[in-house]
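Q: Sharing a model that was predicted from the sequence below.
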Number of protein chains: 2
Amino acid sequence: MADVARLAGVSVSTVSYALSGTRPISLSTRERIEQAMLDLGYTPNAFARGLKSKRSRIIALLLPAQTASPRLSALEYILGASDHAQERGYHLMLWTAGVEAADDLAQFAGQGLVDGVLVLDVRPDDPRIQVLARAEVPFAMIGHNAEPDGLDYIATDFAHSARLAVEHLSELGHRKLGFVDAMSEVEGGDGARLGKELEEAAGRVGATMIPVAAEESVEGGRTAFAALAGADPQVSAIVVFSEHVVPGLMRAAAENGRRIPEDLSVICIDMAPHVAELTTPPMSTVGPSAVQIGQAAVDLLLRRLDGDAAPARQLLFQGELNLRGSCGPNPTTDHHPGSSTSQQRRYLQ
Amino acid sequence: MADVARLAGVSVSTVSYALSGTRPISLSTRERIEQAMLDLGYTPNAFARGLKSKRSRIIALLLPAQTASPRLSALEYILGASDHAQERGYHLMLWTAGVEAADDLAQFAGQGLVDGVLVLDVRPDDPRIQVLARAEVPFAMIGHNAEPDGLDYIATDFAHSARLAVEHLSELGHRKLGFVDAMSEVEGGDGARLGKELEEAAGRVGATMIPVAAEESVEGGRTAFAALAGADPQVSAIVVFSEHVVPGLMRAAAENGRRIPEDLSVICIDMAPHVAELTTPPMSTVGPSAVQIGQAAVDLLLRRLDGDAAPARQLLFQGELNLRGSCGPNPTTDHHPGSSTSQQRRYLQ
DNA sequence: CTGAAAGCGCTTACAG
DNA sequence: CTGAAAGCGCTTACAG
């Protein structure tokens, strides 16, 4: 910057003000400065700027590392958030240490490197929330913990998703439903909340819902299918909330002579569109766009960084039903779906 | 840091040296300093440190934004690189602006924010390479451009992958092969290189290879299938190098009465394992682990950052054949695979 | 083994 | 409309 000032024949403070636009600069001075910056290929140093201004224009995305089994939909959050942050002039840093690495996170948050933090895969008793609060770093959650009062978050409206899924299956004549949830989901977590909503929705349409906890693997999917078939052979539709059980579940169904969707309906909650297209038949899903949630989370956080002192905002995103091909009428009833309601749905493809 | 020094009764420089360990400190002094840091919950400021030391311990991952159609395997690169960088004491920043945003990238690289850069999805004439070289930021590529001499990179050994795929199909009796490549792949890019290697490998085993360029979409996959069937109805096996065409290709095959693997074999190059498990039948693949490539790319870059002035390293990762279920014997011949070689393969699941 | 001091490259009151 | 100067919180020769 000193070089620019010298070349333009002004002081460094004038260069700085020209750059930030925080005070009026005469046209001729500004032009000389801009020319000098171009000639020298000058770019302001991010560290000097950050040191003085206490703002880095960097936000972090906390994605607990599970290299072994990443949800493919995580990519949509990441790209949605990253693109949007960049559009709004922020950089996005990835923090993939596990939930349990609280000390490392405290260190990270205390460094002043990031202006704010986005927290993914939030658990009910998530230790990261305390750490961030203590470090006094603004943050927003995607999902939420057990006591989210006073905290900014954005989450899926599970009550709405449950209703969409169950009503759709009910219209197809299904009365006995299964719900496969990931075993890793702790008590009071997303899976449990969704399960509760599904059960209520099932109750409202006079259906029953059998929940099964599955390990997040191909084998877990097989086991879940066996468990459901064992619990009640009449189960004709399954709601799934774990990407990784899908292959095993579908294969077990095929091996037991249950064709999808003719003999068995399957619908997935919060599965990314690209993933849903890969199965045969393509998977019907319910859920909001992860890309949009990622973008909205960035907006929520930047609102705080811009000094908004308003009360915490808690946004619920309503999903939509994306019918692809994995749900059909219950073969054991001769029910036909009402044409009036189904007309209003979005049929994809 | 001044607070720590005061509390410990030493100078700030002593605190700094204790922190960095770059000069001997007496045990008692060190203990007082450490206690003071704990008491105050002190964490060194990243910007002050970066300003003086000219090192940020941040690396950037350049992933051209394609929110519309991200490859799910991109997630493996990201997580592999991020985890590994974190283990080695570095932060990973995501840069998802498009390849064409050269000015923004120059700005970014000139800020001094990142010590080094990892470049993904490198094109033959990739403008980012010049920008980074001019900004004098150390970088390493995953994949490579048209003139990679003197540049660090790590890439898939396509000759090896092509050989594995073609020899496997050849052993199954397939003589007419198709190759579906993404249309977006520009001349001289990965797709073109792989295509050349596949053709050579096919020539060596006396098979023919028909290449088809497809749009990266479900519809593109359908079109590709039709093109291949139209070009030669005898094509009995298809090598695919684009995740997004897989659903359309598989559906078109099914609609034309060609069962996989009984009537048609399909094998994918560089598809992530979790993606491969989702198709029915599960997809056989050839390729190295994207997680490992991400990790190795970090190592390659950090080697430079650690001041290694050795000549550029160019690493080729050899893939392996992961047989899952999408390849079978050519139904139009009565060929049986030789048991000796197939024994040596890794059968998954 | 320890301290005093310069300086990294900016921003921003203070002064004119 | 512009400049001189302090200071952000560290690191690192220089000195003892």
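A: Looks like it came in fine. Residues are numbered from 1 along each chain as shown, chains lettered A, B, ... in the order given.

Q: domains of chain A?
A: According to automatic domain parsing, chain A is divided into the following domains: A:2-44, A:58-156+A:292-317, A:158-287+A:320-342.

Q: out of these, nearest to DNA strand D?
A: DNA strand D sits nearest to domain A:2-44 of all the domains of chain A, at 2.7 Å, using CB to the nearest atom of the strand. Quick note: C-beta positions are derived from backbone N, CA and C, even for glycine.

Q: end to end, how far does that closest one reach?
A: Its start and end residues considered, domain A:2-44 measures 11 Å (CA to CA, to the nearest Å).

Q: Show me the one of the domains of chain A that comes nearest B:Ala48.
A: For the domains of chain A, proximity to B:Ala48 was assessed by CB to CB; domain A:58-156+A:292-317 is nearest, at 8.7 Å.

Q: circling back: let's have the domains of chain A in CSV, adding distance to DNA strand D.
A: As requested, the domains of chain A are exported to CSV (distance: least, CB to the nearest atom of the strand, whole Å):
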stretch, distance to DNA strand D
domain A:2-44, 3
domain A:58-156+A:292-317, 8
domain A:158-287+A:320-342, 37
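
Q: For DNA strand C, what's the nearest residue on chain A?
A: A:Met1 (2.6 Å).

Q: Quick one: neighbours of A:Thr43, just the number.
A: 16 (other CB atoms under 10 Å in any protein chain shown).

Q: and A:Ala213, which of the three is it?
A: What DSSP: H, G, I helix; E, B strand; the rest coil gives for A:Ala213 is strand.

Q: brain fart, A:Leu321
A: Per three-state DSSP, A:Leu321 ends up strand.

Q: neighbours around it, how many?
A: 20.

Q: how close does it get to B:Asp125?
A: Going from A:Leu321 to B:Asp125 by CB to CB, to the nearest Å gives 44 Å.

Q: Distance to chain B and mean pLDDT for the domains of chain A - can I get that in CSV?
A: Output for these, formatted as CSV (distance: least, CB to the nearest CB, whole Å; pLDDT from 0 to 100):
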stretch, distance to chain B, mean pLDDT
domain A:2-44, 3, 91
domain A:58-156+A:292-317, 3, 91
domain A:158-287+A:320-342, 4, 91
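
Q: Nearest to B:Arg23 among those would be which one?
A: Set against B:Arg23 and scored by CB to CB, those come closest in domain A:58-156+A:292-317, at 23.0 Å.

Q: Let's see the distance spanning the closest one from one end to the other.
A: Domain A:58-156+A:292-317 end-to-end distance (CA to CA) = 25 Å.

Q: Just read off the phi/psi values of A:Glu197.
A: phi -60, psi -40 (degrees, to the nearest 10).

Q: Contacts only, for it.
A: Taking CB atoms under 8 Å, 6 or more residues apart in numbering or on different chains, we find A:Glu197 in contact with A:Phe158, A:Ala159, A:Ser161, A:Ala162, A:Arg163.

Q: Please name the nearest non-neighbouring residue to it.
A: Using CB to CB, 6 or more residues apart in numbering or on different chains and skipping the chain neighbours, the partner closest in space to A:Glu197 is A:Ala162 (3.7 Å).

Q: same check, this time on A:Gly328
A: With CB to CB, 6+ apart, the residue lying closest to A:Gly328 is A:Pro261, at 3.4 Å.

Q: That neighbour reaches A:Pro281, doesn't it?
A: Yes - with contact defined as CB atoms under 8 Å, A:Pro261 reaches A:Pro281; the gap is 6.3 Å.

Q: Name the residues contacting each of those two.
A: With CB under 8 Å, 6+ apart as the test, A:Pro261 and A:Pro281 both reach A:Gly325, A:Ser326.

Q: quick one, helices of chain A?
A: With helices called from DSSP state H, chain A shows them at A:2-8, A:12-20, A:27-40, A:46-53, A:74-87, A:102-110, A:127-135, A:158-171, A:190-204, A:218-231, A:246-255, A:273-278, A:290-305, A:339-342.

Q: circling back to that earlier point, can you give me the distance of the residue nearest to A:Gly328 to A:Ala237?
A: Distance of A:Pro261 to A:Ala237, computed by CB to CB: 9 Å.

Q: cool, A:Leu305 as well?
A: Computed with CB to CB, the distance linking A:Leu305 and A:Ala237 is 45 Å.

Q: Same question for A:Ala60.
A: 40 Å.

Q: same deal with A:Cys327?
A: Per CB to CB, A:Cys327 is found 7 Å from A:Ala237.

Q: Compare these two (neighbour count), which wins?
A: A:Ala237 (27 against 23).

Q: Wait, the more buried one touches A:Gly178, no?
A: Yes - contact criterion CB under 8 Å: A:Ala237 and A:Gly178 qualify, at 7.2 Å.

Q: anything in contact with each of A:Pro261 and A:Ala237?
A: Common neighbours of A:Pro261 and A:Ala237, using CB under 8 Å, 6+ apart, are A:Cys327.

Q: which one is A:Glu34 nearest to, not counting chain neighbours?
A: A:Glu34 sits nearest to A:Ala18 (CB to CB, 6+ apart), 7.5 Å away.

Q: What is the burial count for the one you found?
A: Neighbours of A:Ala18 using other CB under 10 Å come to 23.

Q: can you check A:Ala309 too?
A: Counted with other CB under 10 Å, A:Ala309 comes out at 5.

Q: same deal with A:Ala159?
A: 17.

Q: residues in contact with it?
A: A:Ala159 neighbours (CB under 8 Å, 6+ apart): A:Glu197, A:Glu200, A:Ala201.

Q: Same check on A:Met283?
A: Contacts of A:Met283 (CB under 8 Å, 6+ apart): A:Val246, A:Val266, A:Ile267, A:Cys268, A:Met271, A:Val275, A:Ala276, A:Glu277, A:Arg324, A:Gly325, A:Ser326.

Q: so, if you compare those, which one comes nearest to B:Val291?
A: Looking across the contacts of A:Met283 and measuring by CB to CB, the closest to B:Val291 is A:Val275, at 18.4 Å.

Q: was I right about the closest one contacting A:Ser73?
A: Yes - counting by CB under 8 Å, A:Val275 does reach A:Ser73; the two are 6.7 Å apart.

Q: so what sits against both of these two?
A: A:Glu243.

Q: and the gap between A:Ala272 and B:Asp270?
A: 19 Å.

Q: Now for the residue lying closest to A:Asn45 once chain neighbours are set aside, how many residues are close by?
A: Take A:Asn45 and drop its neighbours on the chain: the residue closest to it by CB to CB, 6+ apart is B:Gly112, 5.1 Å away. For B:Gly112, the neighbour count with other CB under 10 Å is 20.

Q: Provide a list of residues in contact with B:Gly112.
A: A:Asn45, A:Ala46, A:Phe47, B:Gly50, B:Lys54, B:Ser56.

Q: which phi and psi does it have?
A: phi 80, psi 10.

Q: How about A:Ser284: which residues does it bridge to?
A: A:Ile267 (DSSP bridges).

Q: one step back: please name whichever of the domains of chain A is nearest to B:Gln86.
A: Between B:Gln86 and the domains of chain A, the tightest spacing by CB to CB is seen for domain A:58-156+A:292-317, at 6.0 Å.
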